[in-house]
Each structure stands twice: as C-alpha cells, then as structure tokens.
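Asks: here are the coordinates; sequence isn't available:
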C-alpha cells in the first residue's frame, strides 16, 4: 500500500511542544526539575534540549494559531494542547509527508507556509486529531542519526 | 532553591504516549507513515523506536487507568490524552523526582506502584496538568547518553 520511502516519517521526534497557560510558571517548573534552557529561548518560547530533541513550552493560543486554528477550534478534545514535530532535511520532503499522511487517513490542518521565525511548516492530524508539525527550518541541523540541533543564533 | 541534582529530570524523554481511541486504526496509520513497530508491541500497545525514545500508542482509557485516574477524570482539559515518560536508572530516583516535582509546584497523580508489566511507576502533573510518568523498569536499558532501549523479551 505505501510506497515512497523518501516521504516516510523518520524515526525521531524533533520537538515535543506543550501548549501552556502561563509560560513563566511553566519555565520555572521545568528549571526547578533540573532542565536547562537552550540559548535560543526567549520571552515567547522556552526550549530545553532533550538529547537531539527539543522540549518546547509555547503559550497555548499561539500554538493553536501556529497550527492555523482559531482559539477553541481544536482538532479533537484538547489535543492541540500539545504537538509533536518532525523536521525534514529537504523542502520537498515536507509535501511528500503531508501527502502520505492524507493517503494514510490523516488530514492536513495547515498547508505549508512561512512562520515568522523562518523556514516552512505545515501541520497534519493523525486519526485521533493528534497534531504533527512537519517543518523545514534552516535554523536546525539534523545529524546522521536524525537527531536535531537548534542553532542558537536568532 | 533546587538542590539534589541526582533527582533532576534527565535531558531525555523516554516515552511519548498517545492515548488513542482505536488502537488498530492508529497503528495502521503510523505504519503507513513509514514507522516500524518494535517487537515488544502486542495487542494492547504499539511501540515505535524513535532513536532511543519510544512512541507508544495505548488505548486512551487504559492510559487514564494507568495514571490512576477514573475515566473522564482528566488532570486538565484533555491532557491525559497523552503522557511523557522518563525512565530512571535507580528505584530511589523515582521518589526523588516526585518529591522534586511537588516542591516545584507540580502534583503527584499516582503514587509509586507496580504495573502489570513489571517495575514501578508513578505519575506527576506539571502546572498545566500535563502528565509525566516516572518509571523504573527492568525491561528497559538506559545508555550513557540517557537514551532508552526496550528489551524485546516479554
């Protein structure tokens, strides 16, 4: 049934993003838990390097907005309180993965477009409505094992 | 403010668990996306090795049950549709992390206890109610970089 291996999801989740209500409270919590913020963190988002993966804290309404949804317009009961992301090496991989997700029974939440921080991103939902961002981002480096690194230059 | 470094969260998320409505539909979706199931998968749960991290698909009501919640008794709007987990090397680390989470403003959802598959696990919620499992599990190996491996023997 499936075919194009180039379009497959890689065996790495690049970002786990939690849509939080109070960014300062959440970043204080995770700092207290012993995690160190990545230098790319700023007043809008907190990043923690989790060994080739980023844990991101992002205000909930901004996460929904980034996925192209109106506030309250959740793809399913609360699932856009968080999102998984996979960064791709080539721009073309992004379209291929979206196409594959649609064929597999998922649906596109947001077509490819440019976020303010550069690159191109899109979102699809799995059968439960769990949101996946697919992102091509010149600010990230993907190593041979598929782990990503976030460049700290803004 | 914080102190005991031994009790800190490690910079790795061991499991990302999606609480799904239809396990067979979801496992078919992720297989179509190009991911291969780990041999430890069975009729109750699907595991995908994501490079030292496991993506797990688990029926939603069983996830809530595992976290010690009644159905519908969500720690916050829909957040128990998924959980993050960190596996620890020593049994004592589990208690230390729970204590730290409580001090940091989180709360314990489920006190340490033995799941049917062995080991010991507990759950805490971060300030938004996002659920973290902390698990000491003899079935998993944790490498020097903190990445986990799931042993395929049942």
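Replies: Received the coordinates, thanks. Quantities reported herein were computed from a predicted structural model and do not represent experimental measurements.
Asks: Now do the same contact list for residue A:26.
Replies: A:18, A:20, A:46, A:57, B:126, B:127, B:128 (CB atoms under 8 Å, 6 or more residues apart in numbering or on different chains). C-beta coordinates here come from the backbone N, C-alpha and C atoms, glycine included.
Asks: Kindly present these as JSON lines, with separate columns for neighbour count and secondary structure.
Replies: Converted to JSON lines, the contacts of residue A:26 look like this (neighbours: other CB atoms under 10 Å in any protein chain shown; DSSP: H, G, I helix; E, B strand; the rest coil):
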{"residue": "A:18", "neighbour count": "21", "secondary structure": "strand"}
{"residue": "A:20", "neighbour count": "26", "secondary structure": "strand"}
{"residue": "A:46", "neighbour count": "25", "secondary structure": "strand"}
{"residue": "A:57", "neighbour count": "26", "secondary structure": "strand"}
{"residue": "B:126", "neighbour count": "25", "secondary structure": "coil"}
{"residue": "B:127", "neighbour count": "18", "secondary structure": "coil"}
{"residue": "B:128", "neighbour count": "23", "secondary structure": "coil"}
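Asks: what's the closest of the residues you listed to residue A:108?
Replies: residue A:18 (22.7 Å; CB to CB).
Asks: Can you name the residues in contact with the lengthiest helix in chain A?
Replies: Of all segments of type helix in chain A, defined using DSSP state H, the longest is helix A:91-103. For helix A:91-103, contacts defined as CB under 8 Å, 6+ apart pick out A:2, A:4, A:6-9, A:86, A:88, A:107-108, A:111-112, A:120-122, A:124, A:126, A:132, A:134-136, B:32-34.
Asks: From residue B:22, how far out is the residue nearest to the spatial centre of chain A?
Replies: In chain A, the residue lying closest to the centroid (CA atoms, centre = their mean) is residue A:85, at 3.1 Å. Counting by CB to CB, to the nearest Å, the separation of residue A:85 from residue B:22 is 24 Å.
Asks: Repeat that for residue A:41.
Replies: 37 Å.
Asks: more crowded one of the two?
Replies: residue A:41 (17 against 14; other CB atoms under 10 Å in any protein chain shown).
Asks: And what about that one, helix, strand or coil?
Replies: coil (DSSP: H, G, I helix; E, B strand; the rest coil).
Asks: My guess is it contacts residue A:47. True?
Replies: Yes: taking CB atoms under 8 Å as the contact criterion, residue A:41 and residue A:47 are neighbours in contact, 5.0 Å apart.
Asks: still on that earlier bit, in strands only, show me the contacts of helix A:91-103.
Replies: A:86, A:107-108, A:111-112, A:120-122, A:124, A:132, A:134-136 (DSSP state E).
Asks: Which of those residues are buried, as a PyMOL select command?
Replies: The buried subset of these, as determined by 16 or more other CB atoms under 10 Å in any protein chain shown, is captured in PyMOL by this line:
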select buried, chain A and resi 86+108+112+120+121+122+124+132+134+135+136
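Asks: Out of the ones in strands among the contacts of helix A:91-103, the closest to residue A:52 would be?
Replies: residue A:86 (12.5 Å).
Asks: How about residue A:82, nearest residue that isn't a chain neighbour?
Replies: Counting by CB to CB, 6 or more residues apart in numbering or on different chains, residue A:18 is the residue found nearest to residue A:82 once chain neighbours are left out, at 5.2 Å.
Asks: now the one you found, which residues is it bridged with?
Replies: residue A:57, residue A:82 (DSSP bridges).
Asks: I figured it hits residue A:58, correct?
Replies: Yes: at 7.3 Å, residue A:18 and residue A:58 qualify as touching, with contact defined as CB under 8 Å.
Asks: Which residue, other than its chain neighbours, is closest to residue A:68?
Replies: residue A:110 (3.3 Å).
Asks: now do residue A:25
Replies: Nearest non-adjacent residue to residue A:25 (CB to CB, 6+ apart): residue B:127, at 5.1 Å.
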